[in-house]
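no FASTA, just this:
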């Protein structure tokens with residue numbers, strides 16, 4: 001007995017009745033992936049620095065940003081390369097720039113207020129406070145670092161397991177996420193040692209007291225480099 005094929009009308013009815021939600025993902029990232037910078041904060045600061053130094057802080061075309069930004073080998077980036085795209089995404093995820101990577105090289109990105117307060121600070125800005133704000137902009141970084149503040153930094157595998165279990169980082173991304181976190185901790189000098197153990201100290205990036213400014217009564221405050229301790233988030 002030959003089975004008849006369903007009519008086009010029947011197929012359309014089935015499609016219309018299918019209420020299964022369609023899951024979409026951002027380009028270049030699997031569904032369910034946690035978004036975090038793939039570069040350290042120090043590396044990502046190359047982008048806002050380029051925008052300020054070569055574009056006076058005004059919106060800057062991606063191709064121009066790439067041409068003025070040097071990679072590890074000291075050569076400019078290709079504006080459509082994977083490495084440049086990741087650097088732009090990292091700068092965006094730290095809150096340093098406004099705009100995102102596109103294949104259209106004439107598309108522009110610009111400094112965010114946070115990025116400008118770091119690469120071109122004024123008397124109203126505190127670079128230490130801005131650096132810490134940028135470091136804690138990615139949600140997974142903020143949560144993980146706050147949990148370890150003032151504690152011994154656990155072994156690598158314990159940290160990776162924590163990122164997977166508590167912060168929902170995909171297993172394939174967890175090692176990279178850990179590496180970027182540790183690179184930030186090292187480059188920003190966020191540890192103190194006691195008895196051969198490394199403790200995480202976010203307060204190493206505390207707000208610095210203002211220097212030589214009058215108080216509300218007009219008295220000149222003593223210049224100091226001592227940090228004002230900020231309670232962890």
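The structure has been received and is ready for your questions. Quick caveat: nothing in here was measured; it's all calculated off a predicted structure.

Kindly provide the distance from the closest residue to residue 102 other than its chain neighbours to residue 84.
The shortest distance from residue 102 to any non-neighbouring residue, by Cβ to Cβ, 6 or more residues apart in numbering, is to residue 62 (6.7 Å). Where you see a C-beta, it was placed from the backbone N, CA and C, and this is true even at glycine. Per Cβ to Cβ, to the nearest Å, residue 62 is found 8 Å from residue 84.

list residues touching both of these two?
Common neighbours of residue 62 and residue 84, counting by Cβ atoms under 8 Å, 6 or more residues apart in numbering, are residue 101.

now the strands: where do they sit in the protein?
Along the chain, counting by DSSP state E, strands occupy 60-61, 97-98, 108-111, 191-194, 197-200, 207-208, 227-228.

on that earlier part again, comparing residue 62 and residue 84, which shows the higher neighbour count?
Comparing residue 62 with residue 84 by other Cβ atoms under 10 Å, the one with more neighbours is residue 62, at 24 against 21.

ok, now how distant is the more buried one from residue 94?
18 Å.

what's the neighbour count on the closest residue to residue 69 other than its chain neighbours?
Sequence neighbours aside, residue 50 is the residue nearest to residue 69 in space, at 4.8 Å (criterion: Cβ to Cβ, 6+ apart). The local packing of residue 50 (other Cβ under 10 Å) involves 21 other residues.

and residue 50, what does it touch?
By Cβ under 8 Å, 6+ apart, the neighbours of residue 50 are 60, 65, 68, 69.

So for the last one, what's the pLDDT?
Reading off the per-residue confidence, residue 69 sits at a pLDDT of 94.

Pull the number of nearby residues for it.
Using other Cβ under 10 Å: residue 69 sits among 19 other residues.

Understood, closing this out.
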